[in-house]
Structures are given as C-alpha cells and as structure tokens.
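Undergrad: Only the shape, not the letters, is given here:
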C-alpha cells in the first residue's frame, strides 16, 4: 500500500492506495498515529484508490478515530468506492465516521467540526 | 480442476505475497474484481489469525494456500500445522457500538462469513485445513446476461443450445444451471452449438464439463459443434478438447447423438 500526505491549511489529507490489510495496517497505524498527535489533528483519509480493507485495516481506523477524539481533533473519510463501502457496511463501520463524497467536502467538514468543539 | 498453491512462512511480511497471489490467479481465471477482493480479504483474515495466534514456539512454520477453480466456485484451502483450531466454533459477533465502546473481537471472522458462500474446517493428522468457498458468478445481473447468451431449441428429440458472446465466470454458473434444469427435466441428448461464441474462459470450460458429466450420469450424451475461430484456438489451448464429443456441423452433431 502507498500512503501520500498533503496539506491544505490546517488539514492533513492522507491518500491511501492499494490494500489496507494485515500487512499494511501496522505501518499505516504508525504513520497516522504520529499525525493524530499533532495539535490540532485535523485528518482526512482519502480512500479513492483503496482496493479493499480487512479487519486489520478497520482496527487501525478505530484506533486513529479514538486517538483523534481524545485529542479533540477532527477526522473524516472521503471518496470511498461502492465496493469498499460494501465492506464498511458489513463491518458496521459506516456510521462510525464522517464519510464525504469528495476530498474538498471532507476537508471542509473537518474544519467545521473542529471549529464547533 | 486447476489448483495453484503458494507456501509462506508465518510472518506478517509474507502476507503481501499471498494477496498478490490471490489477485494474479483470480485475474488468470477471469474472476471479477469483487470475487478477487472478497477472497483476498478472507484469506488475509485467516492467515493473519494463524500468524498471530497459532504457533507459540517462536519457530518458523509453513502455511499453505491452494486455490482451486471448481465449476462456478473458487475454493481457497489454507493448511497450517498449528494446534487444533476451528474458527467456526467461535460465534462471529455482529459488530456494533460507537467509536469509544467498539471492540473488534470477531470482526475478521464476521467479514469471512459475510463475504464467503461457505467455510469448512477439518483437522487432518497434525494440520488444520480450512476451506473458503466463494461463488464465482455475480449474483444479480448475470442471470439476465446468461439468458441473452443462451438460446435453446428442440430438434428431432435433441436439445440444441446455442451459446454466444463471452462465456466467462460472470455467466458460467447461470448457463450451467439453466442446462442442468433441462437435464433434470429429462433431456438425454444435448447439442451445444458454439458458432456464436466470442470467448470462453476456464469457468466456461468447467461448466461445459460439469454439464457433460451430469448428462452422462443420467445415461445421456452431450456433443459440441460450431467451434471455430477464437473458440477453436481456446479449445486447443485448454487441452480439454478430447473430453468432449466435437462435431463439424450441427447435422453431424445431431447424427452423433442419434
């Protein structure tokens, strides 16, 4: 899996590419954990090029979401394909996250959510 | 039956090889992206579970994954030499709860049982054998597509089925089911006219073989005709031609079934 970071104002967007599986979930968790520690931690995960996500990937998402909530940061996911969305539905993860159609909307949502707290 | 296998060591770093292997074999057999991904996830769940929990001795152990294409189904068998462990004995919990209260015990198994059509476990000697079974035909649109590709008439007491277009994994199961129904309804002489066939994948071949076996089991016979152009090349490549009665023309086929 490839991980690409980019900044837009205070928000860091992390684009994921490939399989979020038991081999890639650990390195991804380490990378995102560091980002979630920064203050304010405003994170968008772009799923556009994700092929699939396994339970190890969901575990990483949950850890980062908890960390982000503890740090009063903001986290949103965007551009999830219908195939990957099906996996979120099966895992009952869809309702746990802010999921937006596009990266721009996700960045705006994270900024709004952070401003509200 | 085509079986392909890969053996890895019980280290997480090896899992990438397994995922690449599943994807590559799936592509080679013309399986849809969804089937390849579903099997990739299920295999990832089972093998990572073995790596994390099975061997407690710190030594290197081998894990074997074999993929076998059956008519309409892909079977992924995972064999490890760890202590007896039947993941199916543990109830896969339905996930629920908010971010703060959510725990993830059983999520992997929940994904496996949701994405696979069947999962079987057996302990043989000193090894665990887990078989993940996934239908290779797509669920919704394939039946309508197979209807467009398959037309059936009856001539002189023989059933003539014309199969056209792309005979691949997305329609193979449905075409086979539709021909099976004819056999169940009493058809004993069946001629498959393939002159409109553009392409046939291994899934297509397997469903033809399955139909042949089925009709022979009832004392009937199957013949093929109209194999030309690209279809002829694919039949030659498959090495399966001698398993079928292949005739030059429709009339020769009907003659052979008499």
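TA: Perfect, thanks for sending it. Model, not experiment: these values are computed from the prediction.
Undergrad: which residues touch the residue most central in space within chain A?
TA: The centroid of chain A falls nearest to residue A:45 when counting by CA atoms, centre = their mean (3.3 Å). Shown in contact with residue A:45 (CB atoms under 8 Å, 6 or more residues apart in numbering or on different chains): A:13-14, A:16, A:32, A:61, A:75-78. To be clear about C-beta, it is placed using only N, CA and C from the backbone, and glycine gets the same treatment.
Undergrad: Toward the C-terminus, what is the element adjacent to the helix or strand hosting residue B:206?
TA: Using DSSP states H and E, residue B:206 sits within helix B:202-217. Later in the chain than helix B:202-217, the nearest helix or strand by DSSP H and E is strand B:221-225.
Undergrad: Given that following strand, what are its sheet partners and their directions?
TA: Using DSSP bridges, strand B:221-225 pairs in its sheet with strand B:189-193 (parallel), strand B:246-247 (parallel).
Undergrad: Kindly calculate the angle that that strand makes with helix B:202-217.
TA: Relative orientation of strand B:221-225 and helix B:202-217, computed by axes from the mean of the first three to the mean of the last three CA atoms, to 10 degrees: 140 degrees.
Undergrad: ok, residue A:104 - how many residues close by?
TA: Here the number of neighbours of residue A:104 (other CB atoms under 10 Å in any protein chain shown) works out to 12.
Undergrad: Next one: it from chain B, what distance?
TA: Residue A:104 sits at a distance of 24 Å from chain B (criterion: CB to the nearest CB, to the nearest Å).
Undergrad: Break down the chain into its strands, ranges please.
TA: Picked chain A for this. Remark: strands assigned in chain A by DSSP state E are A:2-8, A:11-20, A:42-53, A:74-78, A:98-100.
Undergrad: not quite, I wanted chain B
TA: With strands called from DSSP E, chain B shows them at B:2-9, B:62-70, B:73-80, B:118-124, B:127-135, B:150-155, B:158-163, B:165-167, B:189-193, B:197-200, B:221-225, B:246-247.
Undergrad: average pLDDT across the third one?
TA: Averaging pLDDT along strand B:73-80 yields 96.
Undergrad: for that strand, packing partners?
TA: Applying 3 or more CB pairs under 8 Å, 6 or more residues apart in numbering or on different chains; DSSP states H and E, one finds that strand B:73-80 contacts helix B:33-53, strand B:62-70, strand B:127-135.
Undergrad: which ones are touching the residue in the stretch 51-200 of chain B that chain A sits nearest to?
TA: When scored by CB to the nearest CB, the stretch 51-200 of chain B has residue B:108 as its residue closest to chain A, at 3.8 Å. Applying CB under 8 Å, 6+ apart to residue B:108 gives the contacts A:54-56, B:45, B:48-49.
Undergrad: Filter the residues you listed down to the buried ones.
TA: Buried subset of those (neighbour count, 16 or more other CB atoms under 10 Å in any protein chain shown): A:54-56, B:45, B:48-49.
Undergrad: for chain B, what are the nearby residues on chain A?
TA: A:19, A:21-24, A:26, A:51-56, A:58-59, A:62, A:65-66, A:69, A:83, A:87, A:90-93, A:96 (CB under 8 Å from any CB of the partner chain).
Undergrad: now with 10 Å?
TA: On the criterion CB under 10 Å from any CB of the partner chain, chain B has as its neighbours in chain A the residues A:1, A:18-19, A:21-26, A:51-59, A:61-66, A:68-70, A:75, A:83-84, A:86-87, A:89-93, A:95-97.
Undergrad: Check residue 117 and give its pLDDT.
TA: If you meant another chain, say so; for now it's chain A. 52.
Undergrad: hmm, I had chain B in mind actually
TA: Value listed for residue B:117 in the pLDDT field: 87.
Undergrad: give the contact list for the nearest residue to it once chain neighbours are set aside.
TA: Excluding the flanking residues, the one nearest residue B:117 by CB to CB, 6 or more residues apart in numbering or on different chains is residue B:135, at 5.0 Å. With contact taken as CB atoms under 10 Å, 6 or more residues apart in numbering or on different chains, residue B:135 is in contact with B:35, B:38, B:72-74, B:116-118, B:142, B:169, B:173.
Undergrad: would JSON lines of these with neighbour count be doable?
TA: Listed next are the contacts of residue B:135 as JSON lines, based on neighbours: other CB atoms under 10 Å in any protein chain shown:
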{"residue": "B:35", "neighbour count": "23"}
{"residue": "B:38", "neighbour count": "28"}
{"residue": "B:72", "neighbour count": "20"}
{"residue": "B:73", "neighbour count": "18"}
{"residue": "B:74", "neighbour count": "26"}
{"residue": "B:116", "neighbour count": "19"}
{"residue": "B:117", "neighbour count": "14"}
{"residue": "B:118", "neighbour count": "12"}
{"residue": "B:142", "neighbour count": "20"}
{"residue": "B:169", "neighbour count": "26"}
{"residue": "B:173", "neighbour count": "24"}
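Undergrad: Reformat the residues you listed into TSV and put distance to residue B:14 next to each item.
TA: Below are these laid out as TSV (distance: CB to CB, whole Å):
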residue	distance to residue B:14
B:35	23
B:38	21
B:72	30
B:73	26
B:74	21
B:116	22
B:117	27
B:118	26
B:142	35
B:169	28
B:173	33
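Undergrad: what's the angle between the longest helix along chain A and strand A:74-78?
TA: Of all the segments of type helix in chain A, defined by DSSP state H, the longest one is helix A:55-70. In terms of direction (the same axes, to 10 degrees), helix A:55-70 departs from strand A:74-78 by 140 degrees.
Undergrad: Tell me which other helices or strands helix A:55-70 touches.
TA: On a contact count with 3 or more CB pairs under 10 Å, 6 or more residues apart in numbering or on different chains; DSSP states H and E, helix A:55-70 meets strand A:11-20, helix A:25-37, strand A:42-53, strand A:74-78, helix A:82-90, helix B:33-53, helix B:107-115.
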